[in-house]
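> this one's sequence-less:
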């Protein structure tokens, strides 16, 4: 039986250095269901080839923008 787990995901645009080096984002937000984030198809393919994930892996997370924000002390 699957268990619901609460996680925090911070998604941000790539910074200047990441853009200059051509780093690709491994996350993709579903264009239809804007509250679903998943590993991009290209990244998933890389993970499967490296043996880090199974091709049957379903790496999708549903999220809510109304979730409480937690700020950690610096």
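Looks like it arrived, so ask away. Remember, predicted model here, so these are calculated numbers, not experimental data.

> got phi/psi on residue 61?
The phi/psi pair for residue 61 (degrees, to the nearest 10) reads phi -130, psi 130.

> partners of it in the sheet?
When bridges are called by DSSP bridges, residue 61 pairs up with residue 37.

> tell me how far it lies from residue 36.
7 Å (C-beta to C-beta, to the nearest Å). Just so you know, the C-beta spots here come from the backbone N, C-alpha and C atoms, and that holds for glycine as well.

> for residue 23, same thing?
From residue 23 to residue 36 the distance is 23 Å (C-beta to C-beta).

> who has more neighbours, these two?
residue 36 (14 against 11; other C-beta atoms under 10 Å).

> hmm, residue 30 and the more buried one touching each other?
Yes - under the criterion of C-beta atoms under 8 Å, residue 36 makes contact with residue 30 at 4.1 Å.

> tell me the pLDDT of residue 37.
The per-residue pLDDT reported for residue 37 equals 84.

> which strand residues bridge the most centrally placed residue in the chain?
Note on the chain: the residue nearest the mean C-alpha position is residue 27, at 3.8 Å, using C-alpha atoms, centre = their mean. Beta-bridge pairing for residue 27 (DSSP bridges): residue 39.

> give me the residues contacting the helix ranked longest in the chain.
Among the segments of the chain that qualify as a helix by DSSP state H, the longest is helix 41-49. Under the contact criterion C-beta atoms under 8 Å, 6 or more residues apart in numbering, helix 41-49 has outside partners 24, 26-28, 39, 53-55, 57, 59.
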